[in-house]
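**Student:** whatever this is, show me its structure:
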Amino acid sequence: MHHLLPLLVAVPLLGAALLAAGGRVVPRFVAESVACAVSAGTAALAVVLLTHSSEPLTEWVGGWEPVDGHSVGIVLIGDGPGLGMAALVSVLTLAALAYSWRSFDAPPHGHAGAFPALVLVFQAGMSGFAIAGDLFNAFVWFELMSVVAYALTGHRVEEARAVQGALTFAVVNSLGAYTLLMGIALLYARTGELAMAEIGRALDTHGPPDALILAGFVLVLTGLLVKAAAVPFHFWLPDAHAVAPTPVCMLLSGVMVELGVFGVWRVHDTVFSGPGGLPATDVERALTVLGALTAAIGAAMCWYQRHIKRLLAYSTIAHTGLFLLGVGTLTPEGDDGIALYLVGHAGVKAALFACAGILLDRYGSVDEHVLYGRARPLRGVAVMVAVGALGLAGLPPFGTALGKSVAEEAVGGPLTVLYVLASAVTAAAVLRVAARVFLGLGPRPRDGDGEGAPDAYETTGSGEEPETRQRLGRVPDTMTAVPALLLAGALAAGAVPGFGDAVAHATSGATTAGLVRTSVHWTWHGVGLGLLSTLLAVGLAAVAVTRPGLLTAPGWALPLRRLQSGHVGDYVAWLLVGTTVLGVLALPALLPG
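**Tutor:** Sure, this is the predicted structure:
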């Protein structure tokens with residue numbers, strides 16, 4: 001079966017090449033059908049390989065196997081976590097393509113295969129990153145998915161805002177890629193190896209870590225944390241989501257950001273977790289501090305948004321913080337909980353972005369104030385938004401709730417409160433939008449409510465252009481079926497007996513010798529915390545609807561909001577600050593004693 005691993009990348013690339021070559025001569029229906037078939041086939045292949053990965057599959061591409069313990073070839077690793085992420089990538093790609101099927105506006109030059117071809121290349125890059133077994137080729141796939149993501153974000157190139165958002169995305173993520181490459185170069189200089197497992201073994205033979213290992217760790221993690229949109233590397237994400245087409249937002253928040261968290265886990269577990277890596281206490285400190293900052297700032301910024309896409313983007317940032325907290329426990333329980341949390345969050349967040357896209361194409365706006373009470377006819381969409389919000393809150397039996405409960409137990413202590421609060425605040429913001437937009441509850445918003453500083457870069461979401469040729473009089477069935485199925489999948493992840501254990505088995509199969517096994521199951525403690533965060537979310541939303549003055553950012557929040565300046569130079573400066581902070585947090589590894 002290991003010989004099939006390269007197909008997870010080759011099939012989407014071949015499909016993209018065919019669409020790029022023939023997209024001008026085939027009808028749009030054919031191009032989109034081919035893209036959906038390619039994505040579905042790749043998803044099925046990933047699932048089949050996953051069922052045969054109890055022992056990790058290893059493929060040296062082209063037969064370039066190690067000689068005398070040294071490797072120069074490309075190695076693909078088909079273990080549970082990697083194949084699970086590849087399957088999730090393929091399923092989300094299929095959902096995005098199905099959502100845009102015959103509804104998303106075609107490019108003006110008439111190339112029917114351009115958009116689906118780019119999406120398939122994006123899928124190939126993300127799948128390649130998930131199964132990459134060596135750091136350099138992980139960087140190559142990292143760059144491929146990044147470059148395509150820039151193009152997809154700026155797909156509506158005739159709009160200046162789209163170009164600006166894509167340019168900001170490109171500059172910040174390219175600098176993150178450079179830090180990743182420099183970290184790889186330092187590790188290669190020390191070990192002469194690029195395969196992650198070989199680097200880890202070589203480091204263990206060199207004794208305690210030194211300054212070079214610390215620098216390599218900081219630079220590699222900086223590149224991955226930029227992709228994960230962790231604070232203070234996160235500024236590109238809201239700007240990109242505000243202008244990116246809805247199917248692209250579904251992929252960016254649904255799976256690409258999660259790949260950054262997956263990369264942090266993979267690199268630490270494989271490269272730096274041994275005696276030659278950094279002490280566990282230092283890694284735990286770094287990830288816990290950054291995770292807590294990310295969750296708190298993401299939740300606070302989410303609450304004060306009226307641009308619905310920006311609101312959902314900050315929700316993604318907050319949940320990235322929760323993921324990092326779970327990974328930062330460096331325990332099998334934390335890994336298993338976050339793995340299931342990722343699956344549930346991907347379905348919920350992609351569904352919510354799909355619903356936001358429906359509002360944009362139906363009413364030409366994603367401004368909570370402009371849309372006040374206008375979406376009453378969209379009852380089905382209203383239900384899906386409310387259900388998605390409950391999923392973000394961690395209401396049992398959603399997969400987000402089960403994963404969150406396991407992660408909360410692994411984290412323990414005061415950080416459990418942060419899990420409850422971040423989940424509740426982000427869910428409350430979405431529930432507030434649902435109540436005001438679909439039901440018209442509360443007083444009608446006044447112009448300027450919730451804006452904070454009148455000169456803030458943040459946009460309101462009004463004056464947007466629909467992504468379809470014209471505003472939709474009737475929402476196509478595919479646009480509503482996709483979020484409904486995604487929410488059903490997120491619910492099934494927690495409700496189907498044995499699914500959580502299957503995720504735990506796949507995740508623990510990548511640990512040392514595959515000997516660690518945990519059980520993922522509902523507990524009264526986890527159910528209670530899930531209900532608490534849900535009740536808190538409903539209460540906060542009710543207060544926000546009845547007392548909209550609370551949306552006005554207090555004095556302490558205004559400087560925080562002004563940091564989202566829209567100036568790429570500011571974002572680059574914060575990237576350097578974040579790299580420095582990460583280095584300081586990990587620095588005790590070099591101190592004596």
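
**Student:** from what I see, residue 187 and residue 200 are in contact.
**Tutor:** No. Shown here, residue 187 and residue 200 do not form a contact pair, counting by CB atoms under 8 Å, at 9.9 Å. Any C-beta I mention is one placed from the backbone N, CA and C, and that applies to glycine too.

**Student:** which one of those two is surrounded by more residues?
**Tutor:** In this view residue 187 and residue 200 are compared by other CB atoms under 10 Å, and residue 187 has more residues nearby, 28 against 23.

**Student:** separation between the more buried one and residue 178?
**Tutor:** To residue 178, residue 187 is 15 Å away according to CB to CB, to the nearest Å.

**Student:** just the CA atoms of the host helix or strand of residue 325, as PDB, please.
**Tutor:** Residue 325 is part of helix 308-327, with elements assigned from DSSP states H and E. Coordinates of each C-alpha in helix 308-327 appear next as PDB, following Å, rounded to 0.1, in the frame of the first residue of the first chain:
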ATOM      1  CA  ILE A 308     -19.000  38.500   9.700                       C
ATOM      2  CA  LYS A 309     -16.000  37.100   7.800                       C
ATOM      3  CA  ARG A 310     -13.600  38.900  10.100                       C
ATOM      4  CA  LEU A 311     -15.600  37.700  13.100                       C
ATOM      5  CA  LEU A 312     -15.200  34.100  12.000                       C
ATOM      6  CA  ALA A 313     -11.500  34.700  11.200                       C
ATOM      7  CA  TYR A 314     -10.900  35.800  14.800                       C
ATOM      8  CA  SER A 315     -12.800  32.800  16.000                       C
ATOM      9  CA  THR A 316     -10.400  30.700  14.100                       C
ATOM     10  CA  ILE A 317      -7.500  32.500  15.800                       C
ATOM     11  CA  ALA A 318      -9.000  31.900  19.200                       C
ATOM     12  CA  HIS A 319      -9.400  28.200  18.600                       C
ATOM     13  CA  THR A 320      -5.900  28.000  17.300                       C
ATOM     14  CA  GLY A 321      -4.900  29.100  20.700                       C
ATOM     15  CA  LEU A 322      -6.900  26.300  22.300                       C
ATOM     16  CA  PHE A 323      -5.300  23.800  19.900                       C
ATOM     17  CA  LEU A 324      -1.800  25.000  20.900                       C
ATOM     18  CA  LEU A 325      -2.700  24.700  24.600                       C
ATOM     19  CA  GLY A 326      -3.600  21.100  24.100                       C
ATOM     20  CA  VAL A 327      -0.600  20.300  22.000                       C
END
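
**Student:** mind giving me the packing neighbours of that helix?
**Tutor:** helix 211-228, helix 236-243, helix 246-251, helix 257-267, helix 280-303, helix 332-363, helix 399-411, helix 415-438 (3 or more CB pairs under 8 Å, 6 or more residues apart in numbering; DSSP states H and E).

**Student:** ok, back up a step: who touches both of residue 187 and residue 200?
**Tutor:** Common contacts of residue 187 and residue 200 (CB atoms under 8 Å, 6 or more residues apart in numbering): residue 271.

**Student:** if we can go back for a sec, of the helices and strands packed on helix 308-327, which is nearest residue 66?
**Tutor:** Residue 66 lies closest to helix 257-267 among these, at 20.0 Å (CB to CB).

**Student:** what's that closest one packed up against?
**Tutor:** helix 80-100, helix 114-131, helix 135-153, helix 211-228, helix 308-327, helix 332-363.
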